[in-house]
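Colleague: everything below, folded, please.
(one chain, ligands or ions: 1)
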Amino acid sequence: MTPELSNCSAGVFIADDQVIYGFMPNVNSRLAPHINSMTIDRIPCSPNVIDDIRQVIYLLNRLVEIKNNERDEQDTLHITSITIAIPGPIAVSGVRHKDVGYDYGEANGFNRRISLRNQNIYEVASSEIRKNLYASFSEEAKVQIYHDAAAYAFGEYTIREIEYVKARCIGRDEDAYSHVKRQYYNNTVHAQILLDEGIGGAIVAFGGIAQQNMHSEMGHIIVPRHHSDYKFSSQCSMHNADDCLESFIGIPALKRRFGDDFLNNYSAWDHKEPRLWLIAHYISYLIVNLVLVVAPTRIVLSGRIATLNKQLVRMVRGCVVDVLSSKQGDGARFPGYGSQNEVSKYIVQPQEIDAGVYGCALLAMPVSSAGTVAYLSGRR
Ligand SMILES: [Zn+2]
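Modeller: Residues are numbered from 1 along each chain as shown. Predicted structure coming up:
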């Protein structure tokens, strides 16, 4: 007898130093959907991202096979959809980019790893699955490509949403569940900033990622120089010396400023360290701009720059308060955003370090009948 097949969604998150991959079954469980059943593994990045993607598809196939052998169930898990998240710039919309000469899924130029230039990640992944007919993949497995910051933001958003809804719905009925979920959906604008080799970010508003023609590139906003920093020659791989945030405090810029071993020493810096205040100053201007443009419910600071040093987030909050509260004459501060108490509620650290790969698998998941997880389906 042919075993029953259970659909799974897979995710591949290409980080700066490693590739994280995993899958979760498409189970409709009301309060804790999917998240707890995610299986994750990782490999270090090679110099060639295309090799990494092929390798990870092979490894995903094996991961599902191992899981199937371990399980005692009658059904067999198989992957019906996969989302790959990759550092930008990458074409995430199929229409507009054809007009300017590049297609959906195509990573295009300017990246830290030369192998990303003009590579169509969508075509590579699709043909790898089709060509090899891996047993754990459905023949019609759907491939989607997202910007890394978008997947990261969606993962963190969904994990927080599940926690919020779960905490308020235990022992309550279906109506209460729908009400609480709708409340979260309507009241949450989640901004995520990824501070690592590059600087990026994304916004999840009303359950979906706020992007359309392209993805946001908030790491490249122009920020005012710190008063002690006029001599630094800023260099951005995307648009040269334009004094953007990444050109000041992306990891390559920090290595140029503070030495190649910067990351080894960074976690020990404390609030007396002017170099840490310099980093906090620059991050705070992105936050101030986000607050003034979209007024998010929360802003999550993730990536190694934000998480390796335990004092940085608190110092960033101090800088944000300074900017939003600074009075000129009788002018008042921005109400609701400017006090220390307020910023400590909305500027926070991530809850899930692997939110990126969770986000990928969740984005690969079809919208369930109960609208349980993914509000935003792929465009392709
Ligand atoms: Zn830039």
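Colleague: residues contacting the spatially closest residue to residue 215 that is not a sequence neighbour?
Modeller: Excluding the flanking residues, the one nearest residue 215 by Cβ to Cβ, 6 or more residues apart in numbering is residue 147, at 3.7 Å. Bear in mind the C-beta positions are built from the backbone N, C-alpha and C, glycine included. Contact analysis of residue 147 by Cβ atoms under 8 Å, 6 or more residues apart in numbering lists 85-88, 90, 92, 200, 202, 211, 215-216.
Colleague: with residue 137 instead?
Modeller: 57, 60-61, 78-79, 82, 129.
Colleague: pLDDT score assigned to it?
Modeller: pLDDT recorded at residue 137 is 94.
Colleague: again with the one 5 residues further on
Modeller: Per-residue confidence at residue 142 stands at 91 (pLDDT).
Colleague: pLDDT value on residue 182, please?
Modeller: pLDDT, read off for residue 182, is 88.
Colleague: where does it fall, helix, sheet strand or coil?
Modeller: helix (DSSP: H, G, I helix; E, B strand; the rest coil).
Colleague: that one: how many residues sit nearby?
Modeller: Number of residues near residue 182 (other Cβ atoms under 10 Å) recorded here: 13.
Colleague: then the one 5 residues further on?
Modeller: When neighbours are counted by other Cβ under 10 Å, residue 187 registers 10.
Colleague: how about the contacts of residue 137, which pair is most distant?
Modeller: Largest separation among these by Cβ to Cβ: 57 and 78, giving 13.6 Å.
Colleague: looking at these two, which is more packed in?
Modeller: residue 57 (25 against 22).
Colleague: need the contact list for the more buried one.
Modeller: For residue 57, the contacting residues are 12, 82, 125, 128-129, 132, 134, 137, by Cβ under 8 Å, 6+ apart.
Colleague: now the two most distant members of these.
Modeller: Spatial extent of the contacts of residue 57 (Cβ to Cβ) is set by the pair 12 and 132 at 15.6 Å.
Colleague: buried set for stretch 312-322?
Modeller: 312-313, 315-317, 319-321 (16 or more other Cβ atoms under 10 Å).
Colleague: whoops, I mixed them up, stretch 120-127
Modeller: Under 16+ other Cβ under 10 Å, the buried positions of stretch 120-127 are 120-122, 124-126.
Colleague: before we move on, the earlier item: tell me the most packed of the contacts of residue 137, by neighbour count.
Modeller: residue 82 (28 neighbours).
Colleague: which of the buried residues of stretch 120-127 has the weakest pLDDT?
Modeller: residue 120 (83).
Colleague: ok, that one to residue 182 distance?
Modeller: 39 Å (Cβ to Cβ, to the nearest Å).
Colleague: what about the strands in the stretch 251-380 of the chain?
Modeller: Secondary structure of the stretch 251-380 of the chain (DSSP state E, counting those that start in this stretch): strands located at 298-302, 347-348.
Colleague: for residue 22, find the nearest of the ones you listed.
Modeller: When the strands of the stretch 251-380 of the chain are compared by Cβ to Cβ, strand 298-302 sits nearest residue 22, at 18.1 Å.
Colleague: which other helices and strands contact the closest one?
Modeller: Where contact means 3 or more Cβ pairs under 8 Å, 6 or more residues apart in numbering; DSSP states H and E, strand 298-302 is packed against helix 148-169, strand 189-195, helix 274-294, helix 312-325, helix 340-346, strand 347-348.
Colleague: any buried residues in the first one, and which?
Modeller: The reference is to helix 148-169. 148-162, 164-165, 169.
Colleague: ok, back up a step: so which of the contacts of residue 137 is the closest to the ion?
Modeller: Distances from the ion to the contacts of residue 137, taken as Cβ to the ion, are shortest for residue 82 (30.2 Å).
Colleague: check contacts around the closest one.
Modeller: Taking Cβ under 8 Å, 6+ apart, we find residue 82 in contact with 9-12, 57, 60, 125, 129, 137, 141-144, 360, 364.
Colleague: which stretches of the stretch 51-200 of the chain form strands?
Modeller: Counting by DSSP E, counting those that start in this stretch, residue ranges of the strands within the stretch 51-200 of the chain are 76-86, 106-107, 119-120, 137-147, 189-195, 199-205.
Colleague: can you say which of those strands is nearest to the ion?
Modeller: strand 199-205 (8.3 Å).
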